[in-house]
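> Fold the stuff below for me.
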Amino acid sequence: MIDSVIYYFKWTLYYLHEYRFTIMLVMFFSFFIFYVFFIKKLEIFIKGKNKKLEELEKTNKEYQESLEYYESITQKYKDKIKAYEQDIQTLVQEKPKPNLQANYEKGKIYEYKIKLYYESLGYRVFPNGYINGKRDGGVDLIAYKGSEVRLIQTKCYKNPPRQHLLRLFVGDCTLHIKKNMKFLKNKDIYKDFITSCEDIDYGVSEFLKENPEEINYQIRRFANE
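A predicted model of the protein is given here:
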């Protein structure tokens, strides 16, 4: 038994010595193939993960900057926002006026109700129209939550809005995005056009069919409207 083991051991040493270059070459190519098909793929996988992590960190940083921006303007105009809410409450309690002033006040109240509606959905809402007045750029409210930013225009109309108002709003949103690209980069931006009129103008209907992703047209009515 021992003799057989010694015999095979000697032959093993012989073949290892005789074919050492062949064995080394096979081992080299085996390692090379292992490196190419496993280690290299592992390196690519790790690089891809690191790149995604860097992109995620960049996105998170941009989100935090955006959040800080909206928080800062909310803090900056906190007195005006408080006055805005008090002003709306006063309008709600007053008796309606049968004139153009009444329509203007009704529109302000409707806008405030839309603000409350979005806040009930978990959004932080900045009353851009009230704060900036005629310099609001056609955006009444700005709602933000997570990576979402919603540019909102409200129309408390008895008659259905016409197509040109939607086109104008899309243009205003485009300018707003361009001016605030630093804070809106990599955000999911939505354009919400909201009206109280339940009827839809034919031109508006056609525009929405042709541009389904361009604008989010909503009809929202509240009590006592």
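> contacting residues around the host helix or strand of residue 108?
According to DSSP states H and E, residue 108 maps onto helix 100-120. With Cβ atoms under 8 Å, 6 or more residues apart in numbering as the contact definition, helix 100-120 has outside contacts at 84-85, 87-88, 91-92, 94, 96-97, 125, 127, 129-130, 140-141, 143, 150, 152, 154-156, 194, 196, 220, 222, 225. Every residue, glycine included, has its C-beta placed from N, CA and C.
> Mind listing what's buried along that helix?
105-115, 117-118 (16 or more other Cβ atoms under 10 Å).
> Using PDB, write down the CA coordinates of it.
Only the C-alpha atoms of helix 100-120 are listed here, as PDB (Å, rounded to 0.1, in the frame of the first residue of the first chain):
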ATOM      1  CA  LEU A 100     -66.600  92.900  -9.800                       C
ATOM      2  CA  GLN A 101     -65.100  93.200  -6.400                       C
ATOM      3  CA  ALA A 102     -67.100  90.200  -5.300                       C
ATOM      4  CA  ASN A 103     -65.800  88.100  -8.200                       C
ATOM      5  CA  TYR A 104     -62.200  89.100  -7.300                       C
ATOM      6  CA  GLU A 105     -62.800  88.100  -3.600                       C
ATOM      7  CA  LYS A 106     -64.400  84.900  -4.600                       C
ATOM      8  CA  GLY A 107     -61.400  84.000  -6.700                       C
ATOM      9  CA  LYS A 108     -59.100  84.700  -3.700                       C
ATOM     10  CA  ILE A 109     -61.200  82.500  -1.500                       C
ATOM     11  CA  TYR A 110     -61.200  79.700  -4.100                       C
ATOM     12  CA  GLU A 111     -57.400  79.900  -4.400                       C
ATOM     13  CA  TYR A 112     -57.100  79.600  -0.600                       C
ATOM     14  CA  LYS A 113     -59.400  76.500  -0.700                       C
ATOM     15  CA  ILE A 114     -57.200  74.900  -3.300                       C
ATOM     16  CA  LYS A 115     -54.200  75.700  -1.100                       C
ATOM     17  CA  LEU A 116     -55.900  73.900   1.800                       C
ATOM     18  CA  TYR A 117     -56.700  71.000  -0.500                       C
ATOM     19  CA  TYR A 118     -53.100  70.400  -1.400                       C
ATOM     20  CA  GLU A 119     -52.000  70.800   2.200                       C
ATOM     21  CA  SER A 120     -54.500  68.000   3.100                       C
END
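> Who are the packing partners of the helix or strand just after it?
Note on helix 100-120: by DSSP H and E, the next helix or strand toward the C-terminus is strand 124-126. Helices and strands touching strand 124-126, by 3 or more Cβ pairs under 8 Å, 6 or more residues apart in numbering; DSSP states H and E, are helix 40-76, helix 100-120, strand 141-145.
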